[in-house]
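[1] okay, structure incoming, though there's no sequence with it:
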């Protein structure tokens, strides 16, 4: 009886093995055939079409060169970085902003006052020094002034600014008397310079005119040493007139 049961158990195991073989064979997928693409002939564009494509801006993929930053650009870049750090820092957020506002306000007020030509020196106790003039320049006529005596009076009084002006007017009178220019009160020194003939005379006149403009319109006190240089330049110009007349 036991022998018969063993035989049945063996047959059952053999049947299960034989039944599993077809299932394993079916689990292996069959080989898929490789698809072969049909041969497509290449179509090459014509030379004219290629040239047209190259000329189209949309097909240009070259990157533009990055411009080199100048020293001025680097300076403003660093200024912007500094302002950015300052405005975003804790000091600015806790009261430093008022210092920045005040600085901008002072700078703005200074620019406005300079544009309006307001004298700022008097606000700090520094008044511009002005030499007292005993001579009025309004309505002056170079043909009605005794220049030698007037110049001597100004030099004796130490009023070198006035002496420089009188000396320059005496030069204009002598040039007018010799027919080298035409004096008029509304004319400028550039007008007189353009009237002078070519040669060394315009050079000497330009030097004397510049000294006069610096001393008179600059409103600066002149020392005796400065006036000596001005008088020597005026004497050299008058010497040229004497040589020319001879």
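    Yes, it's here. Computed from a predicted model, the values in this text were never measured in an experiment.

[2] show me the helices in this protein, by range?
    2-27, 47-55, 71-88, 90-91, 97-115, 147-156, 160-177, 189-195, 200-216, 224-245 (DSSP state H).

[3] and among these, the most buried is which?
    Comparing the helices of the chain by mean neighbour count (mean count of other CB atoms under 10 Å), helix 160-177 comes out on top with a mean of 21. Heads up, the C-betas are built off the backbone N, CA and C, glycines and all.

[4] tell me which residues touch residue 82, please.
    Residues near residue 82 by CB atoms under 8 Å, 6 or more residues apart in numbering: none.

[5] swap that for residue 205, please
    By CB under 8 Å, 6+ apart, the contact set of residue 205 is 171, 175, 192, 193, 196, 237.

[6] the fifth one: neighbour count?
    If I follow you right, that is residue 196. 16 (other CB atoms under 10 Å).

[7] pretty sure it contacts residue 202?
    Yes: if you go by CB atoms under 8 Å, residue 196 and residue 202 touch, sitting 4.7 Å apart.

[8] so what sits against both of the two?
    Listed contacts common to residue 196 and residue 202 are nil; contacts here mean CB under 8 Å, 6+ apart.

[9] domain-wise, how is this structure divided?
    For the chain, automatic domain parsing gives the domain ranges 71-124, 142-245.

[10] redo the ones you listed as a markdown table? Include mean pLDDT.
    Formatted as a markdown table, the domains of the chain follow (pLDDT from 0 to 100):
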| stretch | mean pLDDT |
| --- | --- |
| domain 71-124 | 72 |
| domain 142-245 | 89 |
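
[11] could you redo these as JSON lines and give each row distance to residue 52?
    Below are the domains of the chain laid out as JSON lines (distance: least, CB to CB, whole Å):
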{"stretch": "domain 71-124", "distance to residue 52": "40"}
{"stretch": "domain 142-245", "distance to residue 52": "63"}
